[in-house]
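J.: What follows is a predicted protein model with its sequence.
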Amino acid sequence: MGLQNLRLLLLIGAFLGPLVTCDDPEDHPHEDHPPGPPHGHWSYTDITDWHKAYPACGEKEQSPINVDTGDTTFDPTLKPIEVSGYDVSPEERLKLKNNGHTVVLQLPDSLQIIGGLANTYRAAQLHFHWGSQSSPGSEHTVNGQKFPGEIHVVHFSSRFQSLDEAVTQPGGLAVLAAFIQEGPKVNEDYQHLLTHLEKVKEAGQSTEIRGFDIRGLLPQQLDRYYRYNGSLTTPPCYQTVNWTIFNQTVFLSEDQLDILEDTIHHDHDHILQMNFREPQSLNGRLVLSSFRPPVSGRKAPGQAPAPSASAPDPANGPSDRSGEGAPRDDSQTFSTGDMLAIIFGVLFAVTALAFFIYFRQNQKKNPRSSDKKSNVIYKAAAPEDNMA
């Protein structure tokens, strides 16, 4: 009887084992970029060990990066990003989930990038990275500056049938990234999403929300951006991503940023914060710009004012002001003071000339007036002197 019980326990263990240890594809690698073969669990506290379970994380074309605007290369062939189908009908339901690494909104593949890339890309999901009230949490940086948060909208190439197929192929993915900054007003487009975060507070929780205009989550200007080839920013770190980082940022109010930073938990007792990977080395990669980068020393995109990013600002919000600060040609410009000085000088010269002419004319009419009699004393004539 004991032997039979032992066999039964072994049979149950063999059946339940895979269910306990296997990762749910939706929960794996923060869906930032879909999973690939499951190797195990990871966290932001063991980033230096990612490469041990996920070898690609140790390769040379990793993301995120720091964008040094002075070292970017202007590429006039980079066209404005064009999207289609982003205004999702309220009748459609979108799944919002806390996967323990971020909050993910699943998107229908009817949302597409139809311009600005070599191929058409279909949407898969979007998610966020953030810091805390005391520390910014964007993944990419600009001239060394980190922003409060960053949104990633993940797409896969229409050359492939699915996200899982595309994720391992060069150029298989395209991610639209924008920096998030604090602004003075409530961002109504983001509010539609943020109001539901309390429903997915705990890791593994999900809910459905009404469709809305996803385009409103991105900056207004989609023609000014940086482009480079990189990787997923989380395991398995496949180097298959065309990155587009918008120069203009998006703005959330202080309260909205607080909701993003303080609502989501990665376990029951701990708030999920600082869910970002530090910038990785470029290792010789080119960073292209769809616009001529600002002059060195100018504010970065998104900075306020930066992005309209400017703005990065860019910023939305603050818009990029790459036309500002152009040197003035003082050799061709007169100030108001200069003009007044010239006018008064001319008037003085004319007055002096008129006085000189008047003086000369009076000299000719009264020649005695010019006699010098400084040594003659005049006195009144006596009465007899006037007699005839």
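T.: Perfect, thanks for sending it. Keep in mind that what you see is a predicted model, and the values were worked out from it rather than measured.

J.: ok, which stretches of the stretch 101-250 of the chain are strands?
T.: Using DSSP state E, counting those that start in this stretch, the strands found in the stretch 101-250 of the chain span residues 103-106, 112-115, 121-130, 141-142, 149-157, 173-182, 206-210, 225-230, 241-246, 250-252.

J.: Mind putting these into JSON lines with mean pLDDT, mean neighbour count and distance to K79?
T.: Heads up, the C-betas are built off the backbone N, CA and C, glycines and all. Shown next, in JSON lines, are the strands of the stretch 101-250 of the chain (pLDDT from 0 to 100; neighbours: other Cβ atoms under 10 Å; distance: least, Cβ to Cβ, whole Å):
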{"stretch": "strand 103-106", "mean pLDDT": "98", "mean neighbour count": "22", "distance to K79": "27"}
{"stretch": "strand 112-115", "mean pLDDT": "98", "mean neighbour count": "18", "distance to K79": "6"}
{"stretch": "strand 121-130", "mean pLDDT": "98", "mean neighbour count": "25", "distance to K79": "14"}
{"stretch": "strand 141-142", "mean pLDDT": "98", "mean neighbour count": "24", "distance to K79": "22"}
{"stretch": "strand 149-157", "mean pLDDT": "98", "mean neighbour count": "25", "distance to K79": "16"}
{"stretch": "strand 173-182", "mean pLDDT": "98", "mean neighbour count": "28", "distance to K79": "14"}
{"stretch": "strand 206-210", "mean pLDDT": "97", "mean neighbour count": "15", "distance to K79": "32"}
{"stretch": "strand 225-230", "mean pLDDT": "98", "mean neighbour count": "22", "distance to K79": "10"}
{"stretch": "strand 241-246", "mean pLDDT": "98", "mean neighbour count": "26", "distance to K79": "11"}
{"stretch": "strand 250-252", "mean pLDDT": "98", "mean neighbour count": "28", "distance to K79": "22"}
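
J.: Any chance of those in TSV with distance to R93 as columns?
T.: Putting these into TSV (distance: least, Cβ to Cβ, whole Å) gives the following:
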stretch	distance to R93
strand 103-106	10
strand 112-115	20
strand 121-130	14
strand 141-142	36
strand 149-157	19
strand 173-182	23
strand 206-210	4
strand 225-230	31
strand 241-246	28
strand 250-252	24
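
J.: So for E82, which of those strands sits nearest?
T.: Smallest distance to E82 across the strands of the stretch 101-250 of the chain (Cβ to Cβ): 3.0 Å, for strand 112-115.

J.: Who are the packing partners of that closest one?
T.: For strand 112-115, the helices and strands in contact under the criterion 3 or more Cβ pairs under 8 Å, 6 or more residues apart in numbering; DSSP states H and E are strand 82-84, strand 121-130.

J.: Export these as CSV, with columns for distance to V200.
T.: Below are the helices and strands packed on strand 112-115 laid out as CSV (distance: least, Cβ to Cβ, whole Å):
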stretch, distance to V200
strand 82-84, 26
strand 121-130, 12
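
J.: Q161: which of these is closest?
T.: Among these, if distance is taken as Cβ to Cβ, the winner is strand 121-130, at 10.3 Å.

J.: which residues of the stretch 1-150 of the chain score low on pLDDT?
T.: 1-40 (pLDDT under 70).

J.: From S231, how far off is I81?
T.: 20 Å (Cβ to Cβ, to the nearest Å).

J.: swap that for A123, sorry
T.: 19 Å.

J.: Can you name the residues that contact the residue nearest to E139 when sequence neighbours are not counted?
T.: With sequence-adjacent residues excluded and distances taken as Cβ to Cβ, 6 or more residues apart in numbering, E139 is closest to P64, at 3.9 Å. Residues in contact with P64 (Cβ atoms under 8 Å, 6 or more residues apart in numbering) are E139, H140, T141, G230, T233, F276, R277, E278, P279, Q280.

J.: Was I right to think the last one contacts C57?
T.: No. Taking contact to mean Cβ atoms under 8 Å, the distance of 9.5 Å between Q280 and C57 leaves them out of contact.
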